[in-house]
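Colleague: I'll drop the sequence and a predicted model, then ask my questions.
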Amino acid sequence: MFRLSRIHKLALRNFHSGKISLLQKKNGPAKGNFLINAINYVKDVDDRMAKIETETPQKEMAAQLVSLIEKLPELLALLLLFHYELYKVGVSHSVEREFLPSQIRSYRWAYLWKLSKIHDVFWELCNYLDIAQHPHPLGFLPTNIGILDPANFTTDQYNMLQRGEFNGLSFKDIMILGSPWSSREHVPSV
């Protein structure tokens with residue numbers, strides 16, 4: 001079943017109501033088939049979002065993300081779990097970005113079994129909470145993780161996340177996968 005994202009629904013609603021001045025052609029929308037015009041409008045919105053995403057550095061997007069989720073302990077706990085699973089396969093804030101073939105294999109297995117699922121749940125929750133407009137991809141290589149890559153976060157942000165406290169908000173007692181963070185092996189601070 002085809003599922004429209006929030007940005008697509010908004011684009012279609014704005015197109016239908018006539019509020020399309022943002023991406024409207026100079027001479028106005030083309031006359032003719034409503035469905036074709038709506039599809040073209042949604043394509044224009046997708047192209048604009050893709051352009052914004054490719055032109056904005058990932059460190060900047062990570063900083064915006066942290067500012068939006070800093071009061072949401074569940075999302076912070078999921079981000080901590082994602083960073084913890086990356087750490088277990090050898091990807092952390094301080095690791096050089098040249099990986100051995102064994103590390104790449106470990107990352108790919110973790111990608112298949114855990115990382116992609118945690119990543120998708122994180123972005124789906126962000127989508128439901130209107131923090132993100134669309135899901136962000138997780139790369140199949142450890143050099144192309146995406147916005148949630150530990151290297152995109154500042155050292156202070158990364159260390160606060162690893163402690164389970166972020167700007168005074170404690171989320172280390174949230175149960176994820178059956179056990180709280182206080183009972184798990186801790187990732188060393190950078």
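Modeller: Right, received. Where do you want to start?

Colleague: so how far is Ile131 from the nearest residue to Thr143 once chain neighbours are set aside?
Modeller: Nearest residue to Thr143, sequence neighbours excluded (CB to CB, 6 or more residues apart in numbering): Arg97, at 5.6 Å. Bear in mind the C-beta positions are built from the backbone N, C-alpha and C, glycine included. Arg97 sits 27 Å away from Ile131, going by CB to CB, to the nearest Å.

Colleague: Looking at these two, which one has more neighbours?
Modeller: The residue with more neighbours, out of Arg97 and Ile131, is Ile131; 15 against 9, by other CB atoms under 10 Å.

Colleague: Now the more buried one: closest residue in space that isn't a chain neighbour?
Modeller: Leaving aside its sequence neighbours, Ile131 sits nearest to Leu68 (CB to CB, 6+ apart; 4.9 Å).

Colleague: now the host helix or strand of that neighbour: how far from the chain's centre is it?
Modeller: Element membership for Leu68, per DSSP states H and E: helix 58-69. Mean-position distance between helix 58-69 and its chain equals 9 Å (CA atoms, centre = their mean, to the nearest Å).

Colleague: which other residues reach that helix?
Modeller: Applying CB atoms under 8 Å, 6 or more residues apart in numbering, the contact partners of helix 58-69 are 53, 75-76, 79, 126, 131-132, 146-149, 152-154, 157.

Colleague: Please apply the same query to stretch 143-155.
Modeller: By CB under 8 Å, 6+ apart, the residues outside stretch 143-155 that reach it are 58-59, 61-63, 65-66, 79, 82-83, 86-87, 91-93, 97, 99, 119, 122, 136-139, 158, 161, 190.

Colleague: go with 6 Å
Modeller: Stretch 143-155 is contacted from outside by 58-59, 61-62, 82-83, 92-93, 97, 136-139, 158, 190, using CB atoms under 6 Å, 6 or more residues apart in numbering.

Colleague: Now, those residues that are in helices?
Modeller: Counting by DSSP state H, the part of these found in helices is Gln58, Lys59, Met61, Ala62, Phe82, His83, Tyr158.
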